[in-house]
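Participant: coords please:
(chains A and B)
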Amino acid sequence: MLHLGDLRKDAPAAPARSGEPRARAVRDWPARFTELAAAARDRRLHRFYAAGTVAGETPLKNVQMVALDVETTGLDPVRDEIVSIGVVPMDLTCIRSSASRYWVVRPRAELHPESVTIHAITHAQIASAPDLGAIVDELLPALAGRVVVVHCGDIERSFLAAALKARIGEGIEFPVIDTMELEARLHRAPATGAWLANLRARLFGRKHDQVSIRLADSRERYRLPRYRAHHALTDALATAELLQAQVAQRFAPDTPLRALWQ
Amino acid sequence: MQIEQLEILDFLRAHPPFDELPDEVLQRVAAAIDVRYYKAGEAIVEFGQVAESWHVVRSGAVEVFRRNGTLYNRLTAGGYFGEFGLLRNGRVRFPVTALEDTLLYLIPRELFAELFDQHERFADLVEVEDRTRLRQVVSKREESNDLLSATIDTLVGRSAVTLSSTASAREVAQRMSEEGVSSLLILEHNPEVPDLPQLAGIVTDRDLRTRLVAPGLPYDTPVTEIMSAGVVSVNHNQLVFEAMLAMLRHNVHHLPVLRNQRPLGVIALSDIIRYESRSSLFLVGSIFRQHSVDELAALVPEVRACFARMVAEDASANMIGSAMAAIGRSFKQRLLELAEAELGAPPVPYCFLALGSMARQEQMIVTDQDNALVLDDRFDPVQHDAYFRALAAFVSDGLARCGYSYCSGGVMASNERWRQPLKVWERTFTDWIERPTPESLLNAGIFFDLDGVWGRLEWATRLRELIARKAKGNSRFLACMARNALQRTPPLGFFKDFVVESDGRHSRVINIKRRGTAPLADLTRVHALAIGSMALNSFERLKDVIDAAILPLGRGQDLYDALEFIAMVRARHQAESLAAGEEPDNSIDPEKLSEFERKSLRDAFLILGNAQKFLKYRYQPGRAN
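Facilitator: Residues are numbered from 1 along each chain as shown, chains lettered A, B, ... in the order given. Model prediction:
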């Protein structure tokens, strides 16, 4: 995941939280997938939806998941684009790193020098990479039938949707388990608290008492090793490990999926 | 398959045994690994379940148990487990539980089998039998040390120059001049075996000067009157190190080398010095040139420097122990010479005994003096004891000043109890062996390591023969000795910066002598006594024990390696203390051990622990040995 500058770091909560209380308003995803499958015009997208998704009642131990991370040229899904994608299939008992996939893709947008310094993917690498449109055939089957696990969910969803829209004329939606949101539940106060925290931040400049819910800091709380950030496959693996730790510490194998996903 | 799992790849590159694998293989391994997180307290694998993968601890800590539930090991990042089951019957042998929140890497069994089969160094490190690993550590060190790998014949430059024992001093001198040698061997013809002349003695330049010219003897004096008889010799196929020891022990500078009992040549001090720069041999020579206790005490820094140098030059613990014992022995001998010079000749003959580690030739820099006096049977306490009390006090105080602290258990010749006529000693040993109790033998262990240092050395030999004869096969005695040998046990291993005890408790430091070398020496002594071995040195004893085949195959070598490794860690620790200007001791802080030392020490502790179990089982009272 690309964390660019102060925008993300200082955000008091997941950007997606603005639409409160979306996190608790879980929709009926299997039914939604059936609808989407019927509506999809692209063959590959149709197959992705037709693979379905498990019901919210399903215990976590029976859920097949896939950790996903993308690196991008910037933060704006409209202007910026994906440069690399990492996916790692997993469930509660095994992170199948051995079956992971990784793609570098050529963005149509320009590669900002500052984002190059972050994810270390250079112009030369990108020049020889395929367009994202050419790997949809591999990417969608890697996600199909699995619940996607991300750290900061809306980045992946919005960038993927925008990328597909630009290439096949249709976006994409899917449920995610967001490990950052799971951390926010512990370390971010409800709305009033956030208001107070924001007020304090404005008054004192810095949020001394704010616990960071960034990927590396969250992992540290579960005593997971420190990894280098901003490599899509490493971040996907890091996210997968974080979810296993969160479930082991705070949930149970029998916890229904509904308690986690959005 | 992906080659982009950078975090996994970096971790593998930094940790043994993976760092032994070529990079392209490592990339495949990194790409084949799966990952799993376990919460503290969670069971990871259970006894008897199918072993599907080999586990590597990425972060956190796990506990490995024996089947009976006792702790077998604790592992942190870089530790691995599960190889036993994978290599044997495919079932989990040691159950494992997460001690902390733990992230594990799982390597599929097929890949593990492939790595094990195709990469020798990797397999060596992972090898299930901890003992094999230690053997390699020890043998690698031995090979890299010339003193330990070269045999004496490589030093023999020219064939021996010899003359018959009927020659005159002048003929000897002429022959030495013709041949340009500084020593010459004298052979004696035995009419019964005409083909095989016996080595009768050696003559050196110095002998001609001090024994012929100085006293003004005629040139036709028979050589037998000026030669040194009873020559110490070595065999051509012994190690250079053994030649060095022979020179140290007997303070001689020329050694005849024999092959099939025939003189092959002579090696001199200078031949050995090439192997050991600024040798401990010089130190022994200088001990005998000091004229007072003060002067001897002034040599202490040199003793320490000599010790540190041997450690730095990668001498083995066996070599260091032997050399330090030879130095200690020389101090005792010189102190006794000085004592006799001050007190006059002894009223009755005596033999001064070294006991314990000095007798076993396993001394380090921190060592007690353990000694005793064997007196002539005509000894009369009223008439003679004042002399021997003064003699013992002189030596004991002198040794204390030379860095050999007083024995806290009072086992010193200055203690009246350990100053006895030969017949009393014989009775004491007979009592200990024939009417043993664990209590009477509790502190008697070191008396069974006895070596004559000065005086009637044959009395020491006589006592050792008596011990060997009476102890052999004496099951009650051996059972008592075995019981006492089990009083000190090794720890289980290390965890982070702590020592882990068998019951799981942690300690800050380990006394490497009390928990390692001492119990190993105790255990070895019991086996040596059981087979009637006359050897004193634990390594020599183990060789006898191996030849007697009383241990399961390979276990004698394991003990040899364990002793060598633990003693080496002890030596290195003491050398480091010296270098840091600290007073050396036996107390080791695990923080200062490398990962490799910890692993090898744990292997050695396991060997010791298992050998103690075997000892208990083998020497039960009433069991025929």
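Participant: please parse chain B into its domains.
Facilitator: B:6-128, B:151-273, B:280-465, B:467-618 (automatic domain parsing).
Participant: which one of the ones you listed lies nearest to chain A?
Facilitator: With CB to the nearest CB as the measure, domain B:6-128 is the member of the domains of chain B nearest chain A (3.9 Å). (C-beta placed from N, C-alpha, C; glycine too.)
Participant: any idea which helix or strand in chain A has the lowest mean pLDDT?
Facilitator: Every helix and strand in chain A was compared by mean pLDDT, DSSP states H and E; the lowest is helix A:5-9, with a mean of 35.
Participant: repeat that for chain B.
Facilitator: Least confident helix or strand of chain B, by mean pLDDT, DSSP H and E, is helix B:146-149 with a mean of 65.
Participant: that one: what's the following helix or strand?
Facilitator: strand B:162-164 (DSSP states H and E).
Participant: give the rounded mean pLDDT of that next one.
Facilitator: Mean pLDDT, strand B:162-164: 91.
Participant: nearest residue to the middle of chain A?
Facilitator: Closest to where the C-alpha atoms of chain A average out (CA atoms, centre = their mean) is residue A:150, at 2.9 Å.
Participant: beta-bridge partners for that one, please?
Facilitator: Beta-bridge pairing for residue A:150 (DSSP bridges): residue A:178.
Participant: tell me the contacts of the residue of the stretch 1-150 of chain A found nearest chain B?
Facilitator: Nearest residue of the stretch 1-150 of chain A to chain B: residue A:95, at 4.0 Å (CB to the nearest CB). Neighbouring residues of residue A:95 by CB atoms under 8 Å, 6 or more residues apart in numbering or on different chains: A:67, A:88, A:237, A:240-241, A:244, B:34-37.
Participant: phi, psi for it please.
Facilitator: Taking degrees, to the nearest 10, you get phi -100, psi 110 for the backbone angles of residue A:95.
Participant: output the longest helix belonging to chain A.
Facilitator: Longest helix of chain A, by residue count under DSSP state H: helix A:232-250.
Participant: quick one: pLDDT of residue B:67?
Facilitator: On pLDDT, residue B:67 comes in at 82.
Participant: grab the nearest non-local neighbour of residue B:437.
Facilitator: residue B:480 (6.5 Å; CB to CB, 6 or more residues apart in numbering or on different chains).
Participant: neighbours of the residue lying closest to residue B:39 once chain neighbours are set aside, just the number please.
Facilitator: In space, and not counting its chain neighbours, residue B:39 is closest to residue A:248: 4.1 Å by CB to CB, 6+ apart. By other CB atoms under 10 Å in any protein chain shown, 20 other residues sit near residue A:248.
Participant: now residue B:243
Facilitator: Neighbour tally, residue B:243, other CB under 10 Å: 26.
Participant: what do you get for the one 3 residues further on?
Facilitator: Close neighbours of residue B:246, defined as other CB under 10 Å, add up to 18.
Participant: circling back to that earlier point, adding distance to residue A:172, write the domains of chain B out as a markdown table.
Facilitator: Output for the domains of chain B, formatted as a markdown table (distance: least, CB to CB, whole Å):
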| stretch | distance to residue A:172 |
| --- | --- |
| domain B:6-128 | 27 |
| domain B:151-273 | 76 |
| domain B:280-465 | 66 |
| domain B:467-618 | 48 |
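Participant: out of these, the one nearest residue B:135 is which?
Facilitator: Counting by CB to CB, residue B:135 lies closest to domain B:467-618 out of those; the figure is 5.2 Å.
Participant: so the residue at minimal distance from the centre of chain B, which of the three states?
Facilitator: Central residue of chain B (CA atoms, centre = their mean): residue B:318, 3.8 Å from the mean position. Assigned by DSSP: H, G, I helix; E, B strand; the rest coil, the conformation of residue B:318 is helix.
Participant: around chain B, which positions in the stretch 51-200 of chain A sit nearby?
Facilitator: Residues of the stretch 51-200 of chain A found near chain B (CB under 8 Å from any CB of the partner chain) are A:86, A:93-98, A:100-102.
Participant: how many other residues sit next to the closest residue to residue A:257 other than its chain neighbours?
Facilitator: Excluding its sequence neighbours, the residue lying closest to residue A:257 (CB to CB, 6+ apart) is residue A:58, at 4.9 Å. Residue A:58 is flanked by 16 other residues according to other CB under 10 Å.
Participant: got phi/psi on residue A:58?
Facilitator: For residue A:58, the backbone dihedrals are phi -60, psi 130 (criterion: degrees, to the nearest 10).
Participant: give me the pLDDT value at it.
Facilitator: At residue A:58, the pLDDT value in this model is 95.
Participant: now swap in residue B:282 and tell me
Facilitator: Reported pLDDT for residue B:282: 73.
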